[in-house]
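J.: Got a predicted structure here, sequence first:
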Amino acid sequence: MCSTKVSMLLLFTLSIILISHAPFASSDKVSIENVCNEADNVGFTDGTTIDDCLKFLNSDYKYRYASYHDISKFILQHAIGEGLKYQNIFNELAKNHTDSKAIKDCSNVHYASTISFFRSSLTHLDSDSEGAHHDALLARDGIEQCNALVYDEKKLDASANAIISNMNKLMAFFSDISTAAIYLYSNQL
């Protein structure tokens, strides 16, 4: 009899704990969809679609069950990491394209600026969401400058152009979705 009461009490306690920690799938999915819809409302660039956004945000569990604040934070952290990785790729490309000022400037000036703005956005996220939003928007400027330099220089082979185009497209995508997530977060405050 006593063991039955203890078992029932343990089962009840465990049920309460599990219920309190269970994600609410419908609201979480809406959050991701809202981020992608907001980014689309502002206008994705370079052919990115809502489906691309949803695939990216659904690709990692942490996005699916996060608040707008945390989604913003995760995207900004990801963008910084990818930006640093792409800067290294630019440095490798520079070794094979020593006469390309565009590649050097993309790495040393424009990607450095983009990464700096993403970092600034992340720093401001908790204290100044409007500033964080502005910085995430400004992160795009370095990417656009890099695109313009590469286009104007016309010295690169098709392979290097494709690599740079893809990196710039992804960094612009991170700017698009981070600004959307920050906007939605700031509207909750």
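T.: Noted; the coordinates are in hand.
J.: Sketch out the low-pLDDT regions of the protein for me.
T.: By pLDDT under 70, the weakly predicted segments of the chain are 1-30.
J.: Next up, the contacts around the residue nearest the centre of it.
T.: Using Cα atoms, centre = their mean, the residue of the chain that lies closest to the mean C-alpha position is Ile75, 2.9 Å off. If you count contacts by Cβ atoms under 8 Å, 6 or more residues apart in numbering, Ile75 has them with 174, 177-178, 181. (Glycine included, C-beta is placed from N, CA and C.)
J.: Out of those, name the ones that lie in helices.
T.: 174, 177-178, 181 (DSSP state H).
J.: hmm, back to that, what separates the residue nearest to the centre of the chain from Leu184, distance-wise?
T.: 12 Å (Cβ to Cβ, to the nearest Å).
J.: again, but for His69
T.: When His69 is compared with Leu184 (using Cβ to Cβ), they lie 9 Å apart.
J.: sorry, back to before: turn the ones in helices among the contacts of Ile75 into JSON lines, including distance to Ser59.
T.: Supplementary listing: the ones in helices among the contacts of Ile75 in JSON lines, determined by distance: Cβ to Cβ, whole Å:
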{"residue": "Phe174", "distance to Ser59": "13"}
{"residue": "Ile177", "distance to Ser59": "12"}
{"residue": "Ser178", "distance to Ser59": "16"}
{"residue": "Ala181", "distance to Ser59": "15"}
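J.: I'm done for today, thanks for sticking with me.
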